[in-house]
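# what follows is a protein structure lacking sequence information:
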């Protein structure tokens, strides 16, 4: 089988072109087609000689992520994609348009090996890691489909999977996103969301890639966090926050602590006060996420008046507090919903190792 050309970081792409005997400017032409023009095949690269296009096609392929289905919200234009990879594996990605930006939410794994009780993806099991090229392909396809070739976008690794359990591919993908001859995106444009793994948070901080970090906290104490995020809770909250402080200390931006509001589970006045005490004076910001109900779980979305009360208690105690408003609530836009709906009863969960 051929190699996915977007698996090659930009320096490796250059080395490949030069080793083939082609001049330096061919590398720049090829990089422009892959990441500025978002080319999906070699045939369209008409400023490359036919012989060189044939040479590339004999060893490489492009665009491993093909849209199998697309849902579009009638409320806000959010688009939810189900991508099919060359081996038939499927993952989700979401395109969210705002007045001042476009955000692309991408997956890093097929399924997820963790078992957060509120997450739809966890119900489908874990299949495999995505390659760097499969991750970048999601972004290139979304940008091309939305007519965003010349525009900068925000990328969030908040789709299916735990990014830090696919560390090598995720950091390789980010290097391509960072590179001026790749997608040319900096720290403020890329956010990696993780649920745990302090050693990997530190490794990400030291990796040399430019990105922001979001930590999925979801509870103000270890006992509650173990109940709702069992496999993510072998490390204590203090160990995770210490790693987050290390991330900030390497010159990165403030870490965002994500907190999914599960009505009656982690939303009491006491939880708000405890969360405020936990984060007060720390280099963090809090992002509260009202729960987006799935099809097969007992959790409820928090009514606006209860949300307002939680925020009112929290704000005087905590650092910056924001509320993430749901997008695409009329489609399967929450993480894992479209994927598990697509699987239906065709297959049961398949466990693997990340």
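Thanks, I have it. What you see is a predicted model; the values in this text were computed from it and never measured.

# could you list every helix and strand in contact with the helix or strand encompassing residue 305?
Using DSSP states H and E, the element containing residue 305 is helix 304-314. If you count contacts as 3 or more C-beta pairs under 8 Å, 6 or more residues apart in numbering; DSSP states H and E, helix 304-314 packs onto helix 269-279, strand 284-290, strand 321-323. Where you see a C-beta, it was placed from the backbone N, CA and C, and this is true even at glycine.

# flag every buried residue along the longest one.
Spelled out, it's helix 269-279. Neighbour counts over helix 269-279 (16 or more other C-beta atoms under 10 Å) mark 271, 272, 274, 275, 276, 278, 279 as buried.

# do stretch 136-153 as well
Using 16+ other C-beta under 10 Å as the burial criterion, the residues of stretch 136-153 that qualify are 136, 137, 138, 139, 140, 141, 142, 143, 146, 148, 153.

# in helices, which of those residues appear?
Applying DSSP state H to these, the entries found in helices are 136, 137, 138, 139, 140, 141, 142, 143.

# so the third one versus residue 92, what's the distance?
Counting by C-beta to C-beta, to the nearest Å, the separation of residue 138 from residue 92 is 9 Å.

# shared neighbours of the two, anything?
Taking C-beta atoms under 8 Å, 6 or more residues apart in numbering as the contact rule, residue 138 and residue 92 both touch 81, 83, 107.

# now the host helix or strand of the second one, how far from the chain's geometric center?
In other words, residue 83. Assigned by DSSP H and E, residue 83 belongs to strand 79-84. The chain centroid and the centroid of strand 79-84 are separated by 14 Å under C-alpha atoms, centre = their mean, to the nearest Å.

# list of residues touching the host helix or strand of residue 202?
Applying DSSP H and E as the criterion places residue 202 in helix 198-206. Applying C-beta under 8 Å, 6+ apart, the external contacts of helix 198-206 come out as 164-165, 167, 171, 192, 194, 211, 213, 215, 235, 239-240, 242-244, 246-247, 250, 252.

# closest to residue 5 out of the buried residues of helix 269-279?
residue 279 (43.3 Å; C-beta to C-beta).

# which residues does the closest one contact?
257, 286, 317, 318, 319.

# pull up the gap between it and residue 160, please.
28 Å.

# which one of the buried residues of stretch 136-153 is nearest to residue 111?
residue 138 (15.4 Å).

# so that closest one is in contact with residue 95, correct?
No - Residue 138 is beyond contact range of residue 95, at 10.0 Å (criterion: C-beta atoms under 8 Å).

# which neighbours do these two share?
Taking C-beta under 8 Å, 6+ apart as the contact rule, residue 138 and residue 95 both touch 81, 104.

# leaving out the residues flanking it, which one is nearest to residue 35?
Among residues not flanking residue 35 along the chain, residue 182 sits closest, at 5.0 Å (C-beta to C-beta, 6 or more residues apart in numbering).

# same check on residue 299?
Once flanking residues are discounted, residue 299 sits nearest to residue 262: 4.9 Å by C-beta to C-beta, 6+ apart.

# pull the contacting residues for that neighbour.
So residue 262 contacts 118, 218, 228, 291, 299, 300, 302 (C-beta under 8 Å, 6+ apart).

# switch the cut-off to 7 Å
118, 291, 299 (C-beta atoms under 7 Å, 6 or more residues apart in numbering).

# what's the answer for residue 59, then?
Taking C-beta under 7 Å, 6+ apart as the test, what residue 59 contacts is 2, 3.

# how near is it to residue 133?
Noted for residue 59: a distance of 14 Å to residue 133, by C-beta to C-beta.

# okay, the residue of the chain positioned farthest from its centre: pLDDT?
Centroid-distance maximum for the chain: residue 51 at 37.6 Å, with C-alpha atoms, centre = their mean. Here, the pLDDT recorded for residue 51 equals 95.

# one more: the one 3 residues further on?
Residue 54 is assigned a predicted lDDT (pLDDT) of 96.

# and it, its phi and psi?
phi -60, psi -40 (degrees, to the nearest 10).

# do the same with residue 72
phi -120, psi 130.

# now do it, the pLDDT please.
Listed pLDDT for residue 72 reads 91.

# what is the burial count for residue 168?
Close neighbours of residue 168, defined as other C-beta atoms under 10 Å, add up to 11.

# nearest spatial neighbour of it, chain-adjacent residues omitted?
Nearest residue to residue 168 in three dimensions, chain neighbours excluded: residue 132, at 7.9 Å (C-beta to C-beta, 6+ apart).

# tell me which residues touch the one you found, please.
Contacts of residue 132 (C-beta under 7 Å, 6+ apart): 7, 169, 172, 173, 176.

# ok, those residues vs residue 39, which is closest?
Closest to residue 39, out of all of these and judged by C-beta to C-beta, is residue 176, at 14.6 Å.

# list the contacts for that closest one?
With contact taken as C-beta under 7 Å, 6+ apart, residue 176 is in contact with 9, 10, 132, 136, 182, 183.

# try it again at 10 Å.
With contact taken as C-beta atoms under 10 Å, 6 or more residues apart in numbering, residue 176 is in contact with 6-10, 12-13, 31, 34-35, 132-133, 135-136, 139-140, 182-183, 185.

# in helices only, show me the residues you listed.
Members of those lying in helices (criterion: DSSP H): 10, 12, 13, 31, 132, 133, 135, 136, 139, 140.

# for residue 187, give its distance to residue 25.
Distance, residue 187 to residue 25, by C-beta to C-beta: 30 Å.

# these two: who's more crowded?
Remark: of residue 187 and residue 25, residue 187 carries more neighbours, 15 against 9, as counted by other C-beta under 10 Å.
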